[in-house]
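Participant: model this:
(4 chains, ligands or ions: 4)
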Amino acid sequence: MLVQFYNVSKIYPKGKALDDISLKIDRGEFVFLMGPSGAGKSTIIKMMFREEEPTRGQIFIADRSLVRMKRNDVPKVRRNMGIVFQDFKLLERKTVYENVAFAMEVVGASQRNIKARVPEVLSMVGLRGKDNSFPGELSGGEQQRVGIARALANQPLLLIADEPTGNLDIDNSMEILNLLIDINRKGTTIIMATHDRELVKAAQKRVVLLEKGKVAADYAPGEYVI
Amino acid sequence: MLVQFYNVSKIYPKGKALDDISLKIDRGEFVFLMGPSGAGKSTIIKMMFREEEPTRGQIFIADRSLVRMKRNDVPKVRRNMGIVFQDFKLLERKTVYENVAFAMEVVGASQRNIKARVPEVLSMVGLRGKDNSFPGELSGGEQQRVGIARALANQPLLLIADEPTGNLDIDNSMEILNLLIDINRKGTTIIMATHDRELVKAAQKRVVLLEKGKVAADYAPGEYVI
Amino acid sequence: MMKNLVYFFREALKSMARNHLLSFATISTVAICILILGMAILATLNASHLITRLESDLEIMSYLHKDLSPAQTVKVEQELKAIAGVDSVRFVSRDEALRYLQESYGEDRYDLEKTLGNNPLPDAYEIKAVDPHEVPLIAQQIEQIVGVERVSYGKELVNNLFLATKWVRVLSLIFIVLLSLGAIFLIATTIRLAIFSRRKEVYLMKLIGSTDWFVRWPFFIEGILLGTAGALIAILLLAVGYDTLIGSIQSVPFMPVVSNRTMLLEVYSGLVLIGATLGVLGTYISLNRFLDI
Amino acid sequence: MMKNLVYFFREALKSMARNHLLSFATISTVAICILILGMAILATLNASHLITRLESDLEIMSYLHKDLSPAQTVKVEQELKAIAGVDSVRFVSRDEALRYLQESYGEDRYDLEKTLGNNPLPDAYEIKAVDPHEVPLIAQQIEQIVGVERVSYGKELVNNLFLATKWVRVLSLIFIVLLSLGAIFLIATTIRLAIFSRRKEVYLMKLIGSTDWFVRWPFFIEGILLGTAGALIAILLLAVGYDTLIGSIQSVPFMPVVSNRTMLLEVYSGLVLIGATLGVLGTYISLNRFLDI
Ligand SMILES: Nc1ncnc2c1ncn2[C@@H]1O[C@H](COP(=O)(O)OP(=O)(O)OP(=O)(O)O)[C@@H](O)[C@H]1O
Ligand SMILES: Nc1ncnc2c1ncn2[C@@H]1O[C@H](COP(=O)(O)OP(=O)(O)OP(=O)(O)O)[C@@H](O)[C@H]1O
Ligand SMILES: [Mg+2]
Ligand SMILES: [Mg+2]
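Facilitator: Numbers count the residues shown, from 1 in each chain, chains lettered A, B, ... in the order given. Ligands and ions are numbered 1, 2, ... in the order given. The predicted structure follows:
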């Protein structure tokens, strides 16, 4: 099992976000997280790379407990993941190229590898020609695709994407979905929070439905209809 | 005519965003702006409240030229609009309540009106109970709805929304759409950039399709299918 | 307008509380700058006080002819007093002069008068000038008086003293000016950084229709409050520190200290004013950059 | 590691160029603080130099019995020289003493010796101490020597002088210490604000897997470079200004100036070191707050 949540709750001073969630995701799976706004999708995702810690419960990534993990080991876990953030989180003072390259520099990739890989992922998401633009000079959808390219750059074992197509038109969304399905086929585990039912229907993958901080349903691939 | 674009082009140092756009929107209309990512939807919208100025061409709002307008008159124009930004642009150091109230304080509303109106618009977008949360304590979709509530607060004559449902599930999106249709029926002109074909199909309104900085098509209400 | 003022004040207070790092940085920067400036000003005031005291000790000795009659001696005194700029004239008899000389050779070990049989020294007048800088001029005039044998005021010493005090004054003025400029710049920089880190907030306010002044007012009030608070903290520390200091230093001779309440109060209130002004001015200038939208 | 260093350097340079407001604020804050600190240190050095000069002018006069034979006089001199802490001993004959007295009463207007017929003054030795602060002690020992009639060193004056110089030294030390603390605080505050306005950048870097040190290095290099640059600018201004100043002041007597190249160089390089250290230290402390993610 790659990701395991055992009775995880997250309680903020201003209210409960997750209520006793248990969830297992195997290596090689492709899982959609769905549910209405505020259901807790982003909270679950943030816990997987330890941006947030659970109030109660245990979380294991590749059999290592995130709760008991020492501060110094956290970066190692994050480096084996690719993360697409709901609010993009691009470095404003770096160009598109540098934003993607930075993720590779963090893991210690050589300049040669970086020079080869960055243009590759940028064209995968349809952003060739924007290399030297700064995030502030991009459209919403373009920024979102930079975030996706960055997550893909290191060919991570686990790709976590929080609403990666919210600012994209259907054609671009479909392309991204196909890209992810392709990567998944090559072995990468994918967890994707989304509101886009068209995509979910097209993909025919496992769907975990959240509602008010609880798992309301867990559909095996092909089970989810509308 | 409320909004008029005459041969508007916008050329950034790094490339052309809008290419000779002409467009008229009448009082009381409901117009969707559609088109692929990077087509120029946000650029057109930003020009309407003069966040960006055109490289060439003329823009009139309520028959006043935005290009020739003096610096001091710009706030007056903006105050008659409600704007939903693609990236929300909430004040991070203000609570949800204060964010909405601020828009009313700007136009000089009395505290009494503010106290009555803010809870009203917050419940319109389904955010009652989040009054004292800060934007950083909200989910993506909740933040987006705060942005919508803020735009509605002053009952503007012109409501401009840039991708207001990108982070919302279909139920919430539909509610927002119905809210906008309702407001439109009461006289507010609405311009909305969106990627959500389900919404557009459901609304049956005028659709302006942009592609690569040009108007590719302009569908009258009911004409747009898929 | 009144309603707005209340609103702006509330906004300013809320913002100060919520941006505590920025508030703390501004207050402490203002406090430190004003404190240093205040210390330097007090030091300079004391130095110039000391210098003035040194200078005012300057005196002109005019030695009289040995054979002057009492009437002639009185006439000389009148003429001395008639000279413009003369502050005081004191008669030093030859006996007194001998006593001084005696003392400098040690009380009664050598009885000069007994040893000598008679006193070789002349009578003299000791003259002080209103403005010590006029000493050389007055000395010149005294030399013209009939009955005055010789005038002595340590010409070289006086010139050197004036040169030295001039330098001390010029240098400390330069130091104060540079320090003030530095303080202004440092405070402005801090405010600028504080506003820089809130530029998006300003941008957004403008986008949803705020006028420049609607954005500015809360920032201004914040600037005044933070600037004044910082300056007040500095003044408090300064006043307490200086009071303690002059308390323990006043016993030391040679060290005249400025303890003129009115003057100190002027300095203190001037510094608070500077703090408040810089708070607003820094805000105004830094803010303008981000308002043009 | 080398490869990384090159990378970190490139990152630091890029970031300095792109965050020019922050870079400018840091450089200028460091420059102003170091400049003020440097001016104060130079002023203090000069003041203490002046004080030392004043103190080293102190001398003990030991007046001899009138009826001492030349052999006895020489013996006194030997005993004087034998006292620990005595620097120099100079014989002042009674004739010389009279000449001094004469001079102080104005050249040849009054011929004291002629008037008096004979010289009433005693022979004396003028003694300087290695450490002026030992003057009272040495004077006590001299009083024990047979043949010495009387010892005089202006007891009260010396005590007052020492008290005064002690105060000046203590006060300027306090001022320098306070100024240094102030400078450190101001620089730290500026760096803190600069990093505060980049906190989201740091947060994101950590989120995508950077270790603390991977985030820190470029910031550190930036801190060193900006701190050193600021300090160098300050030192340049300071050195040029001080050189000009001592050039035009050296002609003035009474105003001994410190122009010891080695000492100045030490002060200057110490200040540059402070700039660089504060740059890194400020960065380290401010950064830590935002790294805990
Ligand atoms: N820091 C916080 N403090 C308090 N409450 C929070 C905080 N972060 C999130 N919440 C609350 O937790 C709940 C779940 O938020 P979460 O971001 O996980 O929702 P989501 O499913 O991602 O929604 P969306 O689809 O709108 O992004 C929301 O009601 C939100 O207001
Ligand atoms: N400040 C800028 N400098 C340079 N290019 C810019 C700038 N702002 C936008 N662009 C470019 O202009 C084009 C149109 O951008 P715009 O934001 O209008 O697209 P959009 O239709 O809103 O796309 P999306 O659906 O992705 O939000 C894009 O290619 C974008 O890269
Ligand atoms: Mg979310
Ligand atoms: Mg857009």
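Participant: quick one: the host helix or strand of residue C:22 near chain B?
Facilitator: Using DSSP states H and E, residue C:22 falls within helix C:20-56. No: Helix C:20-56 stays clear of chain B (Cβ under 8 Å from any Cβ of the partner chain), getting no nearer than 10.3 Å. The way it works is simple: take the backbone N, C-alpha and C, and place the C-beta from them, glycine included.
Participant: and that helix, what does it pack onto?
Facilitator: Using 3 or more Cβ pairs under 8 Å, 6 or more residues apart in numbering or on different chains; DSSP states H and E as the contact definition, the elements that helix C:20-56 packs against are helix C:155-196, helix C:212-249, helix C:261-291, helix D:155-196.
Participant: Could you point out which of these sits nearest ligand 3?
Facilitator: helix D:155-196 (26.6 Å; Cβ to the ion).
Participant: Confirm residue A:39 sits in a helix?
Facilitator: No: using DSSP: H, G, I helix; E, B strand; the rest coil, the assignment for residue A:39 is coil, not a helix.
Participant: Tell me the secondary structure of the closest residue to it other than its chain neighbours, please.
Facilitator: Nearest residue to residue A:39 in three dimensions, chain neighbours excluded: residue A:210, at 4.1 Å (Cβ to Cβ, 6 or more residues apart in numbering or on different chains). With three-state DSSP as the basis, residue A:210 sits in strand.
Participant: In contact with residue A:210, which residues?
Facilitator: A:33-35, A:39-41, A:44, A:216 (Cβ atoms under 8 Å, 6 or more residues apart in numbering or on different chains).
Participant: Who is it paired with across the strands?
Facilitator: Taking DSSP bridges as the rule, residue A:210 bridges to residue A:215.
Participant: That one and ligand 3, how far apart?
Facilitator: 10 Å (Cβ to the ion, to the nearest Å).
Participant: how close does that residue sit to ligand 4?
Facilitator: For residue A:210 relative to ligand 4 (Cβ to the ion), the value is 28 Å.
Participant: What of residue C:225?
Facilitator: Using Cβ to the ion, residue C:225 is found at 40 Å from ligand 4.
Participant: counting contacts, what elements does the helix or strand following the helix holding residue C:22 pack onto?
Facilitator: Using DSSP H and E, the helix or strand that directly follows helix C:20-56 along the chain is strand C:60-64. Contact analysis of strand C:60-64 by 3+ Cβ pairs under 8 Å, 6+ apart lists helix C:70-82, strand C:124-129, helix C:135-143, strand C:148-152 as its packing neighbours.
Participant: The helix or strand harbouring residue A:9 and ligand 1 in contact?
Facilitator: If you go by DSSP H and E, residue A:9 is part of strand A:3-12. Yes: Strand A:3-12 comes into contact with ligand 1 (Cβ under 6 Å from any ligand atom), by way of residue A:12.
Participant: How about the residues of the stretch 1-150 of chain C by chain B?
Facilitator: Listed as neighbours of chain B in the stretch 1-150 of chain C under the rule Cβ under 8 Å from any Cβ: C:7, C:15, C:18-19.
Participant: Please narrow those residues to those residing in helices.
Facilitator: Using DSSP state H, the subset of the residues of the stretch 1-150 of chain C next to chain B located in helices is C:7, C:15, C:18.
Participant: How about chain C: which residue is closest to chain B?
Facilitator: Relative to chain B, the nearest point of chain C is residue C:209 (3.7 Å; Cβ to the nearest Cβ).
Participant: Residue ranges of each domain in chain A, please.
Facilitator: Domain ranges of chain A: A:1-80+A:156-226, A:90-155, per automatic domain parsing.
Participant: Please identify the most buried of the ones you listed.
Facilitator: domain A:90-155 (a mean of 20; mean count of other Cβ atoms under 10 Å in any protein chain shown).
Participant: now that domain: mean pLDDT?
Facilitator: Mean pLDDT, computed over domain A:90-155, is 96.
Participant: residues contacting residue A:214?
Facilitator: Counting by Cβ under 8 Å, 6+ apart, residue A:214 touches A:19-21.
Participant: now do 6 Å
Facilitator: residue A:19 (Cβ atoms under 6 Å, 6 or more residues apart in numbering or on different chains).
Participant: Give me every residue in chain A lying close to chain D.
Facilitator: Taking Cβ under 6 Å from any Cβ of the partner chain as the measure of proximity, chain A contacts chain D at A:75, A:78-79, A:89, A:91, A:93, A:103, A:106.
Participant: For chain A, what is the nearest residue in the stretch 1-150 of chain C?
Facilitator: When scored by Cβ to the nearest Cβ, the stretch 1-150 of chain C has residue C:18 as its residue closest to chain A, at 16.5 Å.
Participant: right, and that residue touches residue B:93 too?
Facilitator: Yes: counting by Cβ atoms under 6 Å, residue B:93 is a contact partner of residue C:18 at 4.6 Å.
Participant: Give me the distance between the closest residue to ligand 2 within chain A and residue A:147.
Facilitator: Here the residue of chain A nearest ligand 2 is residue A:141; by Cβ to the nearest ligand atom that distance is 2.6 Å. Per Cβ to Cβ, to the nearest Å, residue A:141 is found 11 Å from residue A:147.
Participant: Ok, residue C:36 next?
Facilitator: Counting by Cβ to Cβ - residue C:36 and residue A:147 are separated by 48 Å.
Participant: try residue C:185
Facilitator: 40 Å.
Participant: I'd say residue A:114 and residue A:101 touch.
Facilitator: Yes: Residue A:114 is in contact with residue A:101 according to Cβ under 6 Å; the separation is 5.0 Å.
Participant: close to ligand 4, is the host helix or strand of residue A:183?
Facilitator: For residue A:183, the host element (DSSP H and E) is helix A:170-185. No: remark: helix A:170-185 sits outside contact range of ligand 4, by Cβ under 5 Å from the ion, the gap being at least 12.3 Å.
Participant: How about that helix and chain B, touching?
Facilitator: Yes: using Cβ under 6 Å from any Cβ, helix A:170-185 reaches chain B at residue A:172.
Participant: Show the subsequent helix or strand relative to that helix.
Facilitator: Counting by DSSP H and E, the next helix or strand C-terminal to helix A:170-185 is strand A:189-193.
Participant: Can you list the strands that that following strand pairs with?
Facilitator: For strand A:189-193, pairing defined by DSSP bridges yields strand A:30-34 (parallel), strand A:158-162 (parallel).
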